[in-house]
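> quick one, fold the following:
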Amino acid sequence: MIPDWGFGIHTEHMQKMVDECREQHKADLVVVLSHNGADVDKKMAAMVKGIDIILGGHTHDIMGPKPFMVGKTLIINTSTNGKILARFDLDVGKGKLNGWRFYYMPVFSNLIKADPEMTAYVEKVRAPYKEKLAQPLATTESLLYRRDNFNGTFDQLLCDALREEMDCEAAFSPGFRWGYCKLPGETITMEDVMGQTAITYPQVTINEYTGAQIKNIMEQVADNIFNVDPYYQQGGDMIRVGNIQYDFNPDEKIYHRCSNMRVGGKAMSATKKYKVAGWAATTAPVEGKPVWEVFAHWLQAKKHVRVEKLDLPRLNSDMKTNHGIAFPKEFGL
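The predicted model follows:
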């Protein structure tokens, strides 16, 4: 959605830049700040020589108790939302890294004294919006979160809101990883809604898709996440669904991962058209209400919300090989 900009993985150009740092600028240490995601960083480190450290983002996970090593390159990711600081102590010699120590440092914000200058700046920026953001909308009876690979309770509420407000049979919501949690009994405010939805392409859309088109959309998204080649992965998590049930095998190839698909518990027809609500369209500018207006209106009408069930797929792969579930032995889990 940015005119005249292109994004891609340019391994040869990266190698050229690293070589320039080493040869022309005589760098003793080369550090890459990355937003590729851990899998892409690992492949890049295997293909580009001369990188000492990759400080990565995008994965949102803590990558073990110590950095990953690919050749001579150290790779880390440090969670999200300022929860963790990563600290490297480095012994840098002439043209090389002699040694290192590494620490993950959890951030307990309630134990750290706020910086007065930054606090004043934040309050000044928030001032025009403070009253609107504080608006109470509903009380949650469920733990609300957005962290599962396939759906989260906050995502489920959003899909339920889209279906009911737009009078649709099903709903899609993007597989975003950001957003914080709400505990049972807490009040959902407008700020909480914005914390889950605030993007620059928020318009809600309604489309009529055949069952075949729904499957194609979900298969395309799944391949962006589970393709065995990291360079074909495009990050995020699986598209969230409302009132769609399916079986899923992440180890299959594209067009074979989603099966036994249902809408409202009934078998999905490849030719039948279904009315589907969604938001965050990335193809072209679209018309529609911003999703936060739709979500907020639904919450206000409900007053109390509870997630009765999650539209999660049934995984039919041998998940013992999935390191997201089967923890490495060195973690002691």
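> roughly how far apart are Gly8 and Lys132?
Counting by Cβ to Cβ, to the nearest Å, the gap from Gly8 to Lys132 is 39 Å. C-beta: built from backbone N, CA, C; applies to glycine.
> the two: which has the busier surroundings?
Lys132 (11 against 7; other Cβ atoms under 10 Å).
> contact partners of stretch 220-239?
With contact meaning Cβ atoms under 8 Å, 6 or more residues apart in numbering, stretch 220-239 is reached by 9, 37, 39-40, 42-43, 58, 148-151, 172-177, 217-218, 248, 250-251, 254, 257-258.
> how far does it sit from the chain's center?
Offset of stretch 220-239 from its chain centre (Cα atoms, centre = their mean, to the nearest Å): 12 Å.
> check which residues of that stretch are buried.
For stretch 220-239, burial by neighbour count (16 or more other Cβ atoms under 10 Å) applies to 221-226, 230, 233, 235-239.
> considering those residues, which member attains the minimum pLDDT?
By pLDDT, Gly235 ranks lowest within the buried residues of stretch 220-239, coming in at 68.
> quick revisit: which of the buried residues of stretch 220-239 sit farthest apart?
Pro230 and Ile239 (19.8 Å; Cβ to Cβ).
> adding secondary structure and distance to Leu315, write the buried residues of stretch 220-239 out as CSV.
CSV is the format used below for the buried residues of stretch 220-239 (DSSP: H, G, I helix; E, B strand; the rest coil; distance: Cβ to Cβ, whole Å):
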residue, secondary structure, distance to Leu315
Val221, helix, 16
Ala222, helix, 12
Asp223, helix, 17
Asn224, helix, 18
Ile225, helix, 14
Phe226, helix, 12
Pro230, helix, 21
Gln233, coil, 19
Gly235, coil, 20
Gly236, coil, 18
Asp237, coil, 14
Met238, coil, 11
Ile239, coil, 16
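> quick check, nearest of those to Gln203?
Of these, the one sitting nearest to Gln203 (Cβ to Cβ) turns out to be Ile239, at 16.9 Å.
> which one is the closest one nearest to, not counting chain neighbours?
Distances taken as Cβ to Cβ, 6 or more residues apart in numbering put Val221 closest to Ile239, at 4.5 Å, once the chain neighbours are dropped.
> you'd agree Val282 is up against Tyr201?
For residue 282 the amino acid is Thr, not Val. Yes. Contact status for Thr282 versus Tyr201: in contact at 6.8 Å, counting by Cβ atoms under 8 Å.
> which of these two has more neighbours?
Neighbour count, other Cβ under 10 Å: between Thr282 and Tyr201, Tyr201 has more, with 16 against 8.
> what about that one, which SS state?
Secondary structure for Tyr201, judged by DSSP: H, G, I helix; E, B strand; the rest coil, is coil.
> mind checking how far the helix or strand where Glu219 lies is from the chain centre?
Using DSSP states H and E, Glu219 maps to helix 211-226. Helix 211-226 has its C-alpha centroid displaced from the chain centroid by 17 Å (Cα atoms, centre = their mean).
> could you identify the helix or strand that succeeds that helix?
The helix or strand immediately downstream of helix 211-226 is strand 240-242, counting by DSSP H and E.
> can you give me the buried ones in that following strand?
Neighbour-count burial for strand 240-242, counted by 16+ other Cβ under 10 Å, picks out 240-242.
> adjacent strands (with direction) for it?
Counting by DSSP bridges, the strands paired with strand 240-242 are strand 170-173 (antiparallel).
> average model confidence for the strand it pairs with?
In this model, strand 170-173 has a mean pLDDT of 98.
> how is the protein divided into domains?
Residue ranges for the domains of the chain, per automatic domain parsing: 11-108, 128-331.
> nearest to Asp4, out of these?
Of all the domains of the chain, domain 128-331 sits nearest to Asp4, with 15.6 Å by Cβ to Cβ.
> returning to what we had before: in a markdown table: the domains of the chain, plus distance to Glu117.
Compiled in a markdown table, the domains of the chain are given as follows (distance: least, Cβ to Cβ, whole Å):
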| stretch | distance to Glu117 |
| --- | --- |
| domain 11-108 | 18 |
| domain 128-331 | 19 |
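> out of the ones you listed, which gets nearest to Pro3?
domain 128-331 (11.2 Å).
> what is the least confident helix or strand in this protein?
Of all helical and strand segments in the chain, the minimum by mean pLDDT, DSSP states H and E falls on strand 314-315, at a mean of 92.
> counting by contacts, list what it packs against.
Judged by 3 or more Cβ pairs under 8 Å, 6 or more residues apart in numbering; DSSP states H and E, the packing partners of strand 314-315 are strand 244-248.
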